[in-house]
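Participant: Next one to model:
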Amino acid sequence: MNSTVPECVDSVICKCNFSFNNNSSFPPAVQFILPLWRQIFWCAFYAVMVITAIGGNVIVIWIIWTNKRMRTVTNYFLLNLSVADTMVSTFNVTFNFVYMLHATWPFGLVYCKITQFMAVSTICASVFSLMAISIDRYMAIIVPLRRRMSKKCTLIVILWTWILGVVFAMPQLMFFRIDTIPCTDRISCYMVWPDGDTNNSKLEYM
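Facilitator: Presented below is the predicted three-dimensional model:
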């Protein structure tokens, strides 16, 4: 059986032309689409998850913010953790779900960069907040008579969790891009490092 494989130019532009001796042809792009019931199931599942995450964290923020007796060192870090979790649930999870569901990025280049930046920065802030809570609890147990961290020091630590989060997230803001997937009409939001794409870049492992 005679056939011709896709001819690719510069490994990017692909002429998806398949021909066989029976003169049959394949469409240039075959897009996988979930059955309707699965789409409804996953939409409902993610909706419940996002509403629960946002609602639960907003309640925590409101309780700590409105109750002066709750404004302890540990609770300030919990407040920061809730803010970070609310942000990632609001600005990242929903949009990435749409991206995964339809296998295309419909939100443009700017939000491609923003959503990835928000994901990394908020996750880093969450991790650093948990580290701060662990250190604070450790010191409270090991040296219980030592003076606790002041409010000013706590706010400085919280500020640094976000500064470090922004620093670690800067590559997402700088190097994420969108492009049309060869042989399809789908748009991908992905990272391209200065020394190559994700699979070939050495910078990504540094």
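Participant: Now do stretch 46-54: everything it contacts.
Facilitator: 85-86, 89-90, 93-94, 97 (C-beta atoms under 8 Å, 6 or more residues apart in numbering). (C-beta placed from N, C-alpha, C; glycine too.)
Participant: just stretch 82-101 next, same as before
Facilitator: Contact with stretch 82-101 is made by 34, 39, 42-43, 46, 49-50, 53-54, 57-58, 60-61, 64, 105-107, 111, 114-115, 118-119, 122-123, 125-126, 129, 165, 189, as judged by C-beta under 8 Å, 6+ apart.
Participant: residues of the longest strand along the chain that come out buried?
Facilitator: Assignment by DSSP state E gives strand 187-193 as the longest strand of the chain. For strand 187-193, the neighbour count (16 or more other C-beta atoms under 10 Å) marks 187, 189, 191, 193 as buried.
Participant: Need these in JSON lines (columns: distance to residue 74 and pLDDT).
Facilitator: JSON lines is the format used below for those (distance: C-beta to C-beta, whole Å; pLDDT from 0 to 100):
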{"residue": "187", "distance to residue 74": "44", "pLDDT": "87"}
{"residue": "189", "distance to residue 74": "37", "pLDDT": "87"}
{"residue": "191", "distance to residue 74": "36", "pLDDT": "84"}
{"residue": "193", "distance to residue 74": "39", "pLDDT": "80"}
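Participant: Farthest pair within those?
Facilitator: Farthest apart among the buried residues of strand 187-193 by C-beta to C-beta are 187 and 193. That separation is 19.8 Å.
Participant: so which strand or helix has the residue nearest to the spatial centre of the chain?
Facilitator: The centroid of the chain falls nearest to residue 119 when counting by C-alpha atoms, centre = their mean (3.5 Å). Assigned by DSSP states H and E, residue 119 belongs to helix 108-142.
Participant: And the contacts of the next helix or strand after that helix?
Facilitator: Next helix or strand after helix 108-142 toward the C-terminus (DSSP H and E): helix 151-175. For helix 151-175, the surrounding residues in contact (C-beta under 8 Å, 6+ apart) are 71, 73, 76-77, 80, 84, 113-114, 116-125, 128-129, 132, 149, 191-194.
Participant: List the neighbouring strands of the next helix or strand after helix 151-175 plus their orientation.
Facilitator: The helix or strand immediately downstream of helix 151-175 is strand 176-180, counting by DSSP H and E. For strand 176-180, the paired strands and their directions (DSSP bridges) read strand 187-193 (antiparallel).
Participant: tell me the angle of the strand it pairs with relative to helix 108-142?
Facilitator: Angle, strand 187-193 to helix 108-142, by axes from the mean of the first three to the mean of the last three C-alpha atoms, to 10 degrees: 60 degrees.
Participant: tilt between strand 187-193 and helix 151-175?
Facilitator: Using the same axes, to 10 degrees, strand 187-193 lies at 110 degrees relative to helix 151-175.
Participant: pLDDT weak spots in the chain?
Facilitator: Confidence mapping of the chain against pLDDT under 70 gives the ranges 1-33, 196-206.
Participant: at 90 instead, please
Facilitator: Counting by pLDDT under 90, the ranges of the chain that qualify are 1-43, 46, 68-74, 91-108, 136-152, 171-206.
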